[in-house]
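Enquirer: coords below, sequence missing:
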């Protein structure tokens, strides 16, 4: 019997198709430029559609038109979604006006604010993509790495002027976003017509503590455990070469010196998300991030950050090997170590993440397979410093601060509620017109929140009456005078544009809330903060698994109903009903909400109540309790 450990190791699994696409893309160039210039079709190839994600855009089609166009033997109604890179959600009035105008001229009839604090354009024709990117460039905006297997848009609290700590955290988040950008010039060449240079760009600087990281692949840690379920780290970050392409279809060769010191030639196994939070608000849902930074404030200043790792929302129905996961606390670092730590964490995932199975390729699975202690030790080894013990912190809310507020710098901000982040003019609510008028006179900026809302920030005492008058003129001065459930509702786009959607989401959410609001009002719960999240598929773009109530699309008109997350985002919810229509979901929720009004303990949140009652009873096999139609007066809201 052999004693050679290598002989006993299972053979390596074949790499995923995407790894080959990235390897032969020549640092994300592919043949995108050639296909974008092709006017014979509104589409691009599948291979280039994977690469354009790194440039911040997805090919989609209007699924509402599919059947009719198929009958007419027409091509699908293709269009592109482009996502702006906007770290921390900050946007100047000039940038907003440009985004508004570009959207009106080159995209669909509305703008959309995302759950990662940025703008999305939908329905952009292929022939308009370069115009859109170049228009953004005119106001110093881009879409680099807004999608793809790289660090995505970095999240941070939306109103930095609230305190010196908030401002410092925003600056660090923005700095990390710039630091973690891919170094390839493909975006600039394809969309901005940048001319190639013979020797490429200067080699970017590495963190001072990370000189050993110059190689795209690191040696294995001396004491690295290798559980059987975890694939071995690749010997190289590049997959085997694919069969040679013909000269006519091969992507252009990159400059000889072009390198990606953090990502390597095949970038990460999957997306990577980073968020910064300032307690007591967990508005960024920091535990859902691959890498989270929780500000620690001592003596009125920013002492540093508690760091979390391994969060992620995506899963697949019927696949027990996929699941949402919350990030784990691994220690404390001072502000000067943020970039070096991020570099070490990202490169650890680059080298040990699963490149064979994309459904198992996020950092959460790397940590689940190998253990948080291993990950912490490996990051420390690469960064060249050790974590300090985590320091005390406490989250109490995720809810945006709606309405008018005075900031620490003496200015004002007004936070508008925007259901599902959709900026458009509707009868009686001309939101897009109002924001355009405000942007034309505003001297502060706009801040996009993680809950798809918008803050008009940096308003001076002199400007406040003018902005207030515009809001009142258009009926938008009290957008937050609605139910606490509605104020804490999130939805992804889903149909008709998302190709992954199994069910409606954004278009179905208003009707769902309309059915639940009367139940809340009758139970005396209208002002209670209860989080509800809805997605058209299980991939989790609206972070549904940390909603106290969640509807996750399974099929047309059918959703998994989940209950019991912690309102502050620190506990996942639990499946309650595997497949329900929205009407059935309301019928299940109504008696639970009425029971909550009658039986909750003082200060008990809805998610905690569900864990203590209906979920515990379901686990024990107890029948549901009968509900009275008219409940007694509930205890006062906390």
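Expert: Received the coordinates, thanks. Predicted, not measured: the structure shown is a model, and the values here were computed from it. Residues are numbered from 1 along each chain as shown.
Enquirer: got the contact list for residue 326?
Expert: 287, 288, 310, 311, 546, 570, 571, 572 (CB atoms under 8 Å, 6 or more residues apart in numbering). For glycine as for every other residue, the C-beta is placed from the backbone atoms N, C-alpha and C.
Enquirer: Just the buried ones from the residues you listed, in ChimeraX syntax?
Expert: Command for ChimeraX, covering only those of these found buried under the criterion 16 or more other CB atoms under 10 Å:
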select :287,288,310,311,546,571,572
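Enquirer: List just the nearest of the contacts of residue 326 to residue 85.
Expert: Set against residue 85, the nearest of the contacts of residue 326 by CB to CB is residue 288 (19.4 Å).
Enquirer: Isn't the closest one up against residue 313?
Expert: Yes. If you go by CB atoms under 8 Å, residue 288 and residue 313 touch, sitting 5.6 Å apart.
Enquirer: what is in contact with these two at once?
Expert: In contact with both residue 288 and residue 313: 543, 546, using CB under 8 Å, 6+ apart.
Enquirer: residue boundaries of the helices in the stretch 401-550 of the chain?
Expert: 431-441, 464-473, 484-487, 509-523 (DSSP state H, counting those that start in this stretch).
Enquirer: can you pull out the strands in the stretch 1-150 of the chain?
Expert: Taking DSSP state E, counting those that start in this stretch, the strands of the stretch 1-150 of the chain run over residues 57-61, 78-83, 90-91, 111-113, 119-124.
Enquirer: Listing request: residues of this protein with sub-threshold pLDDT.
Expert: Counting by pLDDT under 70, the chain shows low-confidence ranges at 1-9, 196-257, 626-638.
Enquirer: Going along the chain, name the strands of the stretch 351-500 of the chain.
Expert: Going by DSSP E, counting those that start in this stretch, the stretch 351-500 of the chain shows strands at 403-406, 412-416, 422-423, 425-426, 429-430, 445-448, 454-459, 489-491.
Enquirer: winner for burial among the ones you listed?
Expert: strand 489-491 (a mean of 28; mean count of other CB atoms under 10 Å).
Enquirer: which other helices and strands contact it?
Expert: Packed against strand 489-491 by the contact rule (3 or more CB pairs under 8 Å, 6 or more residues apart in numbering; DSSP states H and E) you find helix 509-523, strand 532-535.
Enquirer: Any idea which of those gets closest to residue 395?
Expert: Judging the helices and strands packed on strand 489-491 by CB to CB, what sits closest to residue 395 is strand 532-535, at 17.3 Å.
Enquirer: you'd agree residue 398 is up against residue 531?
Expert: Yes. Residue 398 is in contact with residue 531 according to CB under 8 Å; the separation is 6.6 Å.
Enquirer: Need the overlap of contacts for these two.
Expert: With CB under 8 Å, 6+ apart, residue 398 and residue 531 have common neighbours 488, 567.
Enquirer: Please say which of these two ends up with more neighbours.
Expert: residue 531 (29 against 24; other CB atoms under 10 Å).
Enquirer: contacting residues for the nearest residue to that one once chain neighbours are set aside?
Expert: Closest residue to residue 531 apart from its sequence neighbours, by CB to CB, 6 or more residues apart in numbering: residue 488 at 4.3 Å. Taking CB under 8 Å, 6+ apart as the criterion, residue 488 is in contact with 398, 399, 451, 529, 530, 531, 532.
Enquirer: Relative to residue 468, how far out is residue 488?
Expert: 25 Å (CB to CB, to the nearest Å).
Enquirer: How about residue 353?
Expert: 50 Å.
Enquirer: Settle it for me: which of the two has more neighbours?
Expert: residue 353 (23 against 15).
Enquirer: burial count for the nearest residue to that one once chain neighbours are set aside?
Expert: For residue 353, ignoring the flanking residues on the chain, the nearest one in space by CB to CB, 6+ apart is residue 269 at 3.5 Å. For residue 269, the neighbour count with other CB under 10 Å is 29.
Enquirer: Likewise for residue 525?
Expert: 25.
Enquirer: how about the nearest residue to residue 372 once chain neighbours are set aside, phi and psi?
Expert: In space, and not counting its chain neighbours, residue 372 is closest to residue 328: 4.9 Å by CB to CB, 6+ apart. In terms of degrees, to the nearest 10, the main-chain angles of residue 328 are phi -100, psi 140.
Enquirer: quick one: contacts for residue 328?
Expert: 308, 309, 310, 367, 372.
Enquirer: Of those residues, which belong to helices?
Expert: 367, 372 (DSSP state H).
Enquirer: Of the contacts of residue 328, select the buried ones using a ChimeraX command.
Expert: In ChimeraX, a selection of the buried entries from the contacts of residue 328 looks like this (16+ other CB under 10 Å):
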select :308,309,310,367
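Enquirer: now, among the contacts of residue 328, which is nearest to residue 605?
Expert: Once CB to CB is applied, the member of these that ends up nearest residue 605 is residue 308, at 21.5 Å.
Enquirer: hang on, residue 318 is in a helix, isn't it?
Expert: No. With DSSP: H, G, I helix; E, B strand; the rest coil as the criterion, residue 318 is coil rather than part of a helix.
Enquirer: ok so, going back, what's the closest of the helices and strands packed on strand 489-491 to residue 482?
Expert: Taking those one by one with CB to CB, helix 509-523 is closest: 8.1 Å.
Enquirer: other SSEs contacting the closest one?
Expert: Secondary-structure packing of helix 509-523 (3+ CB pairs under 8 Å, 6+ apart): helix 484-487, strand 489-491, strand 532-535, helix 582-599.
Enquirer: Could you list the buried residues of it?
Expert: 509, 512, 513, 515, 516, 517, 519, 520, 522, 523.
Enquirer: and what of stretch 273-280?
Expert: Neighbour count says stretch 273-280 has 273, 274, 275, 276, 277, 278, 279 buried, by 16+ other CB under 10 Å.
Enquirer: got the contact list for the last one?
Expert: Counting by CB under 8 Å, 6+ apart, residue 279 touches 294, 295, 297, 393, 394, 395, 396.
Enquirer: Repeat that for the first one.
Expert: Taking CB under 8 Å, 6+ apart as the criterion, residue 273 is in contact with 116, 151, 152, 155, 288, 289, 290, 291, 311, 312.
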